[in-house]
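Enquirer: The following block contains a protein sequence and its predicted model.
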Amino acid sequence: MMLEKIKSALFGLAVGDALGVPVEFRTRDYLKANPVENMIGHGTWNQPPGIWSDDSSLAFCLAESLTHGYDLKEIAFYFVQWKLNGFWSANNNRFDLGIATQYAIEKLISGISPERSGGTTEGDNGNGSLMRILPLVFYVKDLPHNETYDRVREVSSITHAHVRSVLSCFIFIDFAKHLLEGLNSIEAYQKMQNCVNEFVNEKRFDKSEIELFDRILKGNIQKERETRIHSDEYVIHTLEASLWCLLNTSNYADATLKAVNLGEDTDTLGCVTGGLAGLLHGFENIPAPWISQIARNNDIENLCKRLAFQ
C-alpha cells in the first residue's frame, strides 16, 4: 500500500535525522567509545529528543509541494517559507543550515528563479540536495529514466546544480525506486548499477565525473572497509556511506545507528540512510518508541496521507 511506503520513507528519514542531531560533529573515535544506541537529546544543538534538522524540514517541504503535483516554483516557495517563517520546522528553532543551501534560498528570496538559484561550481557539492530528495521518488516512480533524471536535476538544482550533486541524487532515487518495487537491498543495488550505467553511457556524461562514482557504480560499496567510508558533508561520501550502512545491516535500527555512529555529519547520514532503511524494512520495523518521540509526528502522519491520496 502506497501510504505505508510513504510513511516508511518520511518517518524513516526524520527518525534517522533526529538520532544524529545530538552528536553532529562528533568524531568516529568518540562515537565508538560512546555510541548512540537510542533516541537522545541535547548534545551538539541542545535540542530535546526527537527534534529533526533542516534535512527533514526541506524533505517535508518537498513532500508538501508534491501533494499538489509537481511544480518547481512551489517547491522553491516552500523552501523560502521554511527559511523565513519556520514552515515545516520541528520546533521553530531552525539550526544547522548548510552554506550552499542558505545562499541558494537567499537568491530565491531576492527573486532569482529556482532554475538558476543553485550553486554550479565544483565546490558546491555538499549533501544539501541529497538529504531532501527522497520524497521525489513517489512522483517519479513510474517515469522513464530520461524524465526521472530531468525532475531530479530540477529539484536538486534549486540549491545544488553541479552535475555531481545531480548524479548523486539520481543514483539515490533510482535505488529507492527499486526498493519501492519490493527488491531487497542487494537486488536493488545491482539493478541500480545496471540502470544508471546504461543511462550515463547513453547520455555521454563527462567521463571524469562518472569515474568519481566508480566505487558505487562499478565496484561493490558493500565490501569496502569502514576505514574507507567517509562521513563528511561531501555528497558522494554521504551517498556511499548510506548505501554501505544499508547493505551491511538487516533492519532499520541497525542501519540508522550504523550511519549515525560513523560520526561527523551524523544528522544527514542518519536522514539519508533512515529514509532508505524505512523503504526497505517498512514502517513497522522502525522502533515504536522512536516514532513516538519524533517532533510533530501527527503532522508527518497527515502529510503522508495527503501525499498518498493526492
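Expert: Received, thanks.
Enquirer: contacts, neighbours, all on C-alpha from now
Expert: Noted.
Enquirer: Phe87 falls within a helix, correct?
Expert: No. Counting by DSSP: H, G, I helix; E, B strand; the rest coil, Phe87 is not part of a helix but coil.
Enquirer: And for it, nearest residue in space, chain neighbours not counted?
Expert: Residue nearest to Phe87 in three dimensions, not counting chain neighbours: Gln81, with 5.5 Å by CA to CA, 6 or more residues apart in numbering.
Enquirer: neighbours of Asp214, just the number please.
Expert: Residues lying near Asp214 (other CA atoms under 10 Å) number 12.
Enquirer: Where do the helices of the stretch 101-250 of the chain begin and end?
Expert: With helices called from DSSP state H, counting those that start in this stretch, the stretch 101-250 of the chain shows them at 137-140, 145-156, 163-180, 185-203, 207-210, 214-217, 235-247.
Enquirer: sorry, back to before: and the helix or strand the residue nearest to Phe87 falls within, which residues are buried?
Expert: Under the criterion of DSSP states H and E, Gln81 resides in helix 72-85. Within helix 72-85, the residues scored as buried using 16 or more other CA atoms under 10 Å are 72-83.
Enquirer: next one: stretch 252-266 to chain centre, how far?
Expert: Centroid separation between stretch 252-266 and its chain, computed with CA atoms, centre = their mean, to the nearest Å, is 13 Å.
Enquirer: Between the two ends of that stretch, how far is it?
Expert: With CA to CA, to the nearest Å as the measure, the ends of stretch 252-266 fall 16 Å from one another.
Enquirer: swap in stretch 86-99?
Expert: Using CA to CA, the two ends of stretch 86-99 sit 18 Å apart.
Enquirer: contacting residues around it?
Expert: Here stretch 86-99 makes contact (CA atoms under 8 Å, 6 or more residues apart in numbering) with 45, 51-54, 57-58, 60-61, 78, 81-83, 128, 295-296.
Enquirer: Out of the residues you listed, which end up buried?
Expert: Buried members of the contacts of stretch 86-99, scored by 16+ other CA under 10 Å, are 51-54, 57-58, 60-61, 78, 81-83, 128, 295-296.
Enquirer: Farthest-apart pair in those residues, please.
Expert: The largest separation in the buried ones among the contacts of stretch 86-99, counting by CA to CA, is between Gly128 and Arg296 at 22.4 Å.
Enquirer: Could you count how many residues lie near Asn297?
Expert: Neighbour count of Asn297, defined by other CA under 10 Å: 16.
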